[in-house]
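> Pasting a predicted model and its sequence here:
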Amino acid sequence: MKNLNIILAVIGGAIAGAAVGMLLAPKRGSETREEIIDFVKDKCPFLNRNKVEELADRIAEEIRHA
């Protein structure tokens, strides 16, 4: 069980890191968020568009306040 938690943490960290990296890219925020939404929608079909948009907006807001 401990190994599974470590693997899930690494995967979650990689996804979060990729999302943050995309948000810091030199493209417009709306274009970047749309790319994140499309990517997550393709890779994680259990998430709906609203949840992905909320997550992208929260990450962008956290970056703005950092």
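Arrived safely. Residues are numbered from 1 along each chain as shown.
> Can you pull out the low-pLDDT segments for this structure?
1, 45-47, 66 (pLDDT under 70).
> Do a quick rundown of the helices in it.
Assigned helices in the chain, in chain order: 2-23, 29-43, 49-65 (criterion: DSSP state H).
> Reformat these as JSON lines; add mean neighbour count.
For the C-beta atoms, the positions are set from N, CA and C on the backbone; glycine is no exception. JSON lines is the format used below for these (neighbours: other CB atoms under 10 Å):
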{"stretch": "helix 2-23", "mean neighbour count": "11"}
{"stretch": "helix 29-43", "mean neighbour count": "14"}
{"stretch": "helix 49-65", "mean neighbour count": "13"}
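> Relative to residue 4, how far out is the spatially most central residue of the chain?
The chain has residue 19 as the residue nearest its centroid, 3.9 Å off, counting by CA atoms, centre = their mean. In this view, residue 19 and residue 4 are 23 Å apart by CB to CB, to the nearest Å.
> what do you get for residue 53?
Applying CB to CB to residue 53 and residue 4 gives a distance of 29 Å.
> And residue 39, by the same measure?
If you measure residue 39 against residue 4 using CB to CB, the figure is 24 Å.
> just residue 43 next, same as before
19 Å.
> just to revisit the earlier point, quick one, what contacts the residue nearest to the centre of the chain?
Shown in contact with residue 19 (CB atoms under 8 Å, 6 or more residues apart in numbering): 36, 55-56, 59.
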